[in-house]
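K.L.:
3D, please:
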Amino acid sequence: MTAFFQSLGLSYEWAWTAATFAGIIVISLLVMFAVAMVIYVDRKVLGAIMMRRGPNVVGPFGLLQSFADGLKVFLQETIIPSAANKGIFLLAPIITFTVALAAWAVIPFDAGVVLADINVGLLYILAISSMGVYGVVMAGWASNSKYPFFSAMRASAQMISYEVSIGFVLVCVVLFAGTFNLSGIVNEQRGFGLGFINAYVVHPLLFPMWVVFFISSLAETARAPFDLTEAESELVAGYQTEYSSMSFALFWLGEYANILLMCSLNTLLFWGGWLPPLDWAPLYYVPGIIWFLLKTFVFFFMFSWIWATVPRYRYDQLMRLGWKVFLPMSLLFVAATSGYLMAIGHFA
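P.N.:
Sure thing, here's the model as predicted:
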């Protein structure tokens, strides 16, 4: 894209700047469109499992329902509680939404199709995702209401707890790949399994780590059965209870952008990213971005399926799973993975 702007007569510096801004706009628009569509898919999957119709009126097959909902919240009045801290109250959804979009800067959709192909892409994802907790805590505190505040405390404890396990899982992946670059991790999966399967998940040391990562992804995004931050029975609607109009919509968009991010990370780190499932020449005729989107959609379908079928955990069960099961398990597998790789001379 930089070369295209250079062909228009711009210097390299201005062409690179213009290309970067264009990439940011394109990725942001695509993510927002994807969020609108997966909300529709989410409701359709839930409707099918619960033997309901789901959205089917607005647009053909109800495809425009998400856009109608977006128009509705846009036209609503933004109400700020009189006792709330106005500045922080309005800043919280902006931080949540911005952080959710910023993480997509290093996600490679195909070979070379990435906004910032940095060598520490995985560390960038960890750093950005950990900042999401600030928006949640600010929203709960600034609302000046006990239910949003309790929800914010739950959310912060939940996100921090499962980020620890996710970090150790990622150490196992990095030990195998030898790089923090997400494109490099995908390329290292080519023919990894039995010489013809493009995925890390087939390895007996990495399959359990993928299971931990997938379940931790549900907890990290406060998705059922770990949606304790939005437990209707005791917290009404959670930290966004006092929000309305576009401030509420920003939380909603940020939440689904994070869910899609976790689905894409499952695809990139364990299931071959844009590579076809098998290292077989005819499969490479399908564009890599198609494989990436298909795999990501499968994981989102699994998220929706679990939401519709698995009952909500109690909060003590959630914390016990994170600290007493996943953390020791991930630590054990880090030691086992490093020992195995040293034994086979991987680092030599």
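
K.L.:
check what pLDDT the closest residue to residue 35 other than its chain neighbours gets.
P.N.:
Nearest in space to residue 35, with sequence neighbours left out and distances taken as Cβ to Cβ, 6 or more residues apart in numbering, is residue 256 at 4.4 Å. Where C-beta positions appear, they are placed from N, C-alpha and C, glycine not excepted. Predicted confidence (pLDDT) for residue 256: 94.

K.L.:
ok, now how distant is residue 256 from residue 101?
P.N.:
Remark: distance between residue 256 and residue 101 (Cβ to Cβ, to the nearest Å) = 12 Å.

K.L.:
between the two, tell me which one has more neighbours.
P.N.:
residue 256 (23 against 19; other Cβ atoms under 10 Å).

K.L.:
that one touches residue 33, doesn't it?
P.N.:
No. Contact criterion Cβ atoms under 8 Å: residue 256 and residue 33 do not qualify, at 11.6 Å.

K.L.:
quick one, strands of the chain?
P.N.:
Taking DSSP state E, the chain contains no strands at all.

K.L.:
show me the shaky parts of it.
P.N.:
Residue ranges of the chain with pLDDT under 70: 232-235.

K.L.:
show me the domain layout of it.
P.N.:
Listed domain ranges for the chain are 1-75, 76-343 (source: automatic domain parsing).

K.L.:
from what I can see residue 89 touches residue 145, true?
P.N.:
No. Using Cβ under 8 Å, residue 89 makes no contact with residue 145, being 10.9 Å away.

K.L.:
who touches both of these two?
P.N.:
By Cβ atoms under 8 Å, 6 or more residues apart in numbering, residue 89 and residue 145 have these common neighbours: 81, 242.

K.L.:
quick one, longest helix in this protein?
P.N.:
The residue-count maximum for a helix in the chain (DSSP state H) belongs to helix 12-49.

K.L.:
list the contacts of stretch 42-51.
P.N.:
52-55, 62, 65, 300-301, 304-305, 307-309.

K.L.:
go again using 6 Å as the cut-off
P.N.:
By Cβ atoms under 6 Å, 6 or more residues apart in numbering, the list of residues contacting stretch 42-51 from outside reads 53, 54, 55, 304, 308.

K.L.:
buried subset of the residues you listed?
P.N.:
Buried subset of these (neighbour count, 16 or more other Cβ atoms under 10 Å): 54, 55, 304.

K.L.:
and the domains of the chain, which is most packed in?
P.N.:
domain 76-343 (a mean of 19; mean count of other Cβ atoms under 10 Å).

K.L.:
how long is that domain end to end?
P.N.:
Domain 76-343 has an end-to-end distance of 62 Å (Cα to Cα, to the nearest Å).

K.L.:
ditto for stretch 74-88
P.N.:
21 Å.

K.L.:
same check, this time on stretch 104-121
P.N.:
For stretch 104-121, the first and last residues are 10 Å from each other (Cα to Cα).

K.L.:
before we move on, the earlier item: and of the contacts of stretch 42-51, the nearest to residue 112?
P.N.:
Closest approach to residue 112 among the contacts of stretch 42-51 (Cβ to Cβ): residue 304, at 31.2 Å.

K.L.:
please tell me how far the closest one sits from residue 116.
P.N.:
Applying Cβ to Cβ, the value for residue 304 to residue 116 is 30 Å.

K.L.:
equivalent analysis for residue 81, please.
P.N.:
Plainly put, residue 81 is 39 Å away from residue 116 if you go by Cβ to Cβ.

K.L.:
and residue 190, by the same measure?
P.N.:
Distance of residue 190 to residue 116, computed by Cβ to Cβ: 23 Å.

K.L.:
contacting residues around residue 135?
P.N.:
Per Cβ under 6 Å, 6+ apart, neighbours of residue 135: 92, 95, 96.

K.L.:
just the endpoints, please. Distance across stretch 69-82?
P.N.:
Terminal-residue distance, stretch 69-82 (Cα to Cα): 27 Å.

K.L.:
tell me where the stretch 51-200 of the chain has helices.
P.N.:
65-75, 86-102, 121-142, 146-177, 182-188 (DSSP state H, counting those that start in this stretch).
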